[in-house]
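Visitor: show me how the following folds:
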Amino acid sequence: RKKPKAEKPKPAVKAEQAAAAAAAEQAAAAADGVPTEDGAGGTAEDPFAFMPKPEGNNQVHTTVNFSDGSVMRIANSPARLAQHLKETGGKVVTRFPPEPNGYLHIGHAKAMFVDFGMAAQYGGVCYLRFDDTNPEAEKQEYIDHIQEIVTWMGWKPWKTTHASYYFDKLHEYAVQLIKAGKAFVCHQSKAEIEEYREKGLPSPWRDRGRDENLRLFEDMRQGLYKEGEATLRMKMDHKNENPNMWDSVAYRIKYVEHPIAGDKWCIYPSYDFTHCLCDAIENITHSLCTLEFESRRASYYWLLEVLDTYKPVVWEYSRLNITNTVLSKRKLNRLVTETHVNGWDDPRLLTLAGLRRRGVAAASINAFCKEIGITRNANVIPYHKLEHHIRSYLDADSPRTLAVLRPLRVVLTNVPEQHSSTVRGATLPGRPESEPYPLPFSRVVYIEATDFRLQDSKDYYGLAPGKSAMLRYAYPITVTSYTQGPDGSITGVQAEADLGFKAGGGKKPPKGVLNWVGQPAPGQEPERAEVRLYDVLFKSEAPDALGDSWLEDLDPGSLEVVQGAMITPELAKAQVFDRFQFERLGYFCVDPDSKPGALVFNRTVTLKESLPKFK
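Guide: The predicted structure follows:
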């Protein structure tokens, strides 16, 4: 949920006032039994146990204190609640209300878990409602993306709606507000509105008569004003301690065609006017949002009260913050538009499109959201907690395979030049559901270049001159010699294979076990692939704390592209988004950039023990 920029109170003192007002409202709500705990009182089985049930939704939701000393205590009347329960059948009804002006990130995954999850917990329903009140920033591309991602995350909306579906009804509410003396047409510019608000002054047009306001609002609707020449403002309390009560804008003029409504309207409702009314129209039982909207609770309920509509329970929870990344839509947009990353689905971003492209399973994201819980405690989650859930899912479901990132040629001198055989790998070693897959074995195999060194040591289990190691699923090999280039680098290794070795045959194998890839046939080189090794995008844990220099914290090593990796013939059959564990190397996923004969793999996450600990 986001308020139009023109409505944001900017000075720190005003933010403090809003926080103080919210705290007072929270204390009053606590006295009336509305959930306000810093940490949620849910359980592992029911994270939402602390929330009131729909039939109890006639408690006082909030108390609005006015600058003249009056107080508004807001709750549903018994008759209003009875009508609501009749219309909903007593079910929990929630909504996930994204703005279609960008790509969803992992913070939205938490919101989905809260909104769809609560409905699912109690056999209720959840709307996917697009908050599409700003046509300048909205695109069909974003609408399509959000619908696709919601489905990918495993959630099924009861209905998909748009705030724009209710534009006629919202206009009726605006007229009703004017007739009640609670709205007026204002001709102040954006800058003048801000100035008067800061000084606690009313708009010069605040006390216009009802009939004049109705006429002028109709002129706005008919397109008789230029953009910025007139707004409809709610007549709230311009001296209130809460800036969100300072006569917020309800309608503004925008001569922009709407993606859904077309060119029917040239006046568009603001977020503050629209969101609460859409909640009431859709009979939402629980309106759940993040804590930055807490100070808006007063304006939310004020509007529903003066229009005499049904009132949902509003509850705010802490937003998701994760180390070594940014989740601000503005900052994500800069990263993309200034090409610091490669699009909204760059696997280094914690956009949901980026996580999917990286190979992260939606189930692991939902498990992460469940573990961190639904609380009001502001905290920053370590990145490794997310990685833990990613690994847990991939470890359970990803077939194992062999690959070599940086190949070193090994010639097995005691294997005939034309020898060609097959050994069997295992997709899930040690598990009953494991299936065998073929691994070509011939005179020439390739190992990781890091698995050979000239100097041996006690705690090193790779190859060295005269030393043995086990080719995974195949045979022990022993180094007999090696070749070097002019710069001293190792260009090849010669070894002998113990072709008589059989697992479980009584002969003890070497401690070191190597990943390898063999030639598919004598003289035929293995298929090559590109491998992209991703790490966290920022060097520091809190790039947001760096102010304007946050871009300087980008880690140039967050992406390493490895060309010429070698893969097995079975792995070469992989399709886009297929996930694997490359044994000893990590978890990988096939990238959409892949083409036949030119696969691209993204490293999703390293193994728990990371890459070989050969010293």
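Visitor: so which bits of stretch 187-199 are buried?
Guide: If you call a residue buried by 16 or more other Cβ atoms under 10 Å, then stretch 187-199 has these buried ones: 188, 193-194, 196-197. Heads up, the C-betas are built off the backbone N, CA and C, glycines and all.
Visitor: quick one: the residue nearest the centre of the chain from C289, how far?
Guide: The centroid of the chain falls nearest to I106 when counting by Cα atoms, centre = their mean (1.6 Å). The gap separating I106 from C289 is 17 Å, by Cβ to Cβ, to the nearest Å.
Visitor: I figured the residue nearest to the centre of the chain was touching I322, is that so?
Guide: Yes: at 6.9 Å, I106 counts as touching I322 under the criterion of Cβ atoms under 8 Å.
Visitor: name the residues contacting each of these two.
Guide: The overlap between the contact sets of I106 and I322 (Cβ atoms under 8 Å, 6 or more residues apart in numbering) consists of 350, 386.
Visitor: count the neighbours of K239 for me.
Guide: For K239, the neighbour count with other Cβ atoms under 10 Å is 12.
Visitor: skipping adjacent residues, who's closest to it in space?
Guide: Closest residue to K239 apart from its sequence neighbours, by Cβ to Cβ, 6 or more residues apart in numbering: S67 at 3.8 Å.
Visitor: what of C589?
Guide: Closest to C589 by Cβ to Cβ, 6+ apart is G359, at 2.6 Å.
Visitor: quick one, what contacts that neighbour?
Guide: Contact analysis of G359 by Cβ under 8 Å, 6+ apart lists 347, 394, 577, 579, 587-589, 602, 604.
Visitor: next step: the residues you listed restricted to strands.
Guide: Those of the contacts of G359 mapping onto strands are 579, 587-589, 602, 604, per DSSP state E.
Visitor: quick one on the thing from earlier: ok, so of the buried residues of stretch 187-199, who is nearest N515?
Guide: E194 (62.4 Å; Cβ to Cβ).
Visitor: pLDDT at that closest one, what is it?
Guide: Looking at E194, its pLDDT reads 95.
Visitor: gap between it and K608?
Guide: Per Cβ to Cβ, E194 is found 53 Å from K608.
Visitor: sketch out the low-pLDDT regions of this structure for me.
Guide: For the chain, applying pLDDT under 70 flags the ranges 1-41, 609-615.
Visitor: name the nearest residue to the residue nearest to the centre of the chain, sequence neighbours excluded.
Guide: Ranked by Cβ to Cβ, 6+ apart and with sequence neighbours excluded, the top spatial neighbour of I106 is L350, at 4.5 Å.
Visitor: count of neighbours near that neighbour?
Guide: By the criterion of other Cβ under 10 Å, L350 has 25 neighbours.
Visitor: so who does it touch?
Guide: Per Cβ under 8 Å, 6+ apart, neighbours of L350: 105-106, 322, 325, 327.
Visitor: at which residues are the helices of the stretch 151-300 of the chain located?
Guide: Along the stretch 151-300 of the chain, counting by DSSP state H, counting those that start in this stretch, helices occupy 167-179, 190-199, 210-221, 271-281, 297-306.
Visitor: of all these, which lies closest to F130?
Guide: Of all those, helix 271-281 sits nearest to F130, with 10.2 Å by Cβ to Cβ.
Visitor: pull the CA atoms of that closest one into CSV?
Guide: Provided in CSV are the C-alpha atoms of helix 271-281 (Å, rounded to 0.1, in the frame of the first residue of the first chain):
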residue,chain,number,x,y,z
TYR,A,271,-4.9,6.0,-2.4
ASP,A,272,-6.2,7.4,0.9
PHE,A,273,-9.7,7.8,-0.6
THR,A,274,-9.7,4.5,-2.5
HIS,A,275,-8.1,1.8,-0.4
CYS,A,276,-10.4,1.9,2.6
LEU,A,277,-13.5,2.2,0.5
CYS,A,278,-12.5,-0.8,-1.7
ASP,A,279,-12.0,-2.8,1.5
ALA,A,280,-15.5,-1.9,2.6
ILE,A,281,-17.0,-2.6,-0.8
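Visitor: got the angle between it and helix 167-179?
Guide: Orientation check (axes from the mean of the first three to the mean of the last three Cα atoms, to 10 degrees): helix 271-281 against helix 167-179 gives 110 degrees.
Visitor: give me the residues contacting helix 271-281.
Guide: Contacts with helix 271-281, where a contact means Cβ under 8 Å, 6+ apart, come from 1-4, 7, 95, 97, 129, 131, 133, 161, 163, 166, 169-170, 173-174, 234, 244, 248-251, 287, 296, 299-301, 303-304, 307, 309-312.
Visitor: and that helix, how far out from the chain middle?
Guide: 24 Å (Cα atoms, centre = their mean, to the nearest Å).
Visitor: now that helix and helix 297-306, what's the angle there?
Guide: Going by the same axes, to 10 degrees, helix 271-281 makes 50 degrees with helix 297-306.
Visitor: just the buried residues of helix 271-281, please?
Guide: Here helix 271-281 shows 271-281 as buried, counting by 16+ other Cβ under 10 Å.
Visitor: sorry, back to before: give the PyMOL command for selecting the buried subset of the contacts of G359.
Guide: Those of the contacts of G359 that count as buried under 16+ other Cβ under 10 Å are selected in PyMOL with:
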select buried, resi 347+394+579+587+588+589+602+604
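Visitor: a markdown table for the contacts of G359, including distance to A503?
Guide: Output for the contacts of G359, formatted as a markdown table (distance: Cβ to Cβ, whole Å):
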| residue | distance to A503 |
| --- | --- |
| P347 | 37 |
| L394 | 26 |
| F577 | 34 |
| R579 | 27 |
| Y587 | 26 |
| F588 | 26 |
| C589 | 30 |
| N602 | 33 |
| T604 | 30 |
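Visitor: can you put the contacts of L350 in a markdown table and add distance to F217 and secondary structure?
Guide: Shown next, in a markdown table, are these (distance: Cβ to Cβ, whole Å; DSSP: H, G, I helix; E, B strand; the rest coil):
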| residue | distance to F217 | secondary structure |
| --- | --- | --- |
| H105 | 38 | strand |
| I106 | 41 | helix |
| I322 | 45 | strand |
| T325 | 44 | coil |
| L327 | 38 | coil |
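Visitor: state the distance from the residue nearest to the centre of the chain to W152.
Guide: From I106 over to W152 the distance is 13 Å, taken as Cβ to Cβ.
Visitor: now do P520
Guide: In terms of Cβ to Cβ, P520 sits 35 Å off from W152.
Visitor: turn the ones in strands among the contacts of G359 into CSV, columns for distance to G181.
Guide: Below are the ones in strands among the contacts of G359 laid out as CSV (distance: Cβ to Cβ, whole Å):
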residue, distance to G181
R579, 61
Y587, 63
F588, 65
C589, 60
N602, 60
T604, 59
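Visitor: tell me the one of those nearest L335?
Guide: N602 (17.9 Å).
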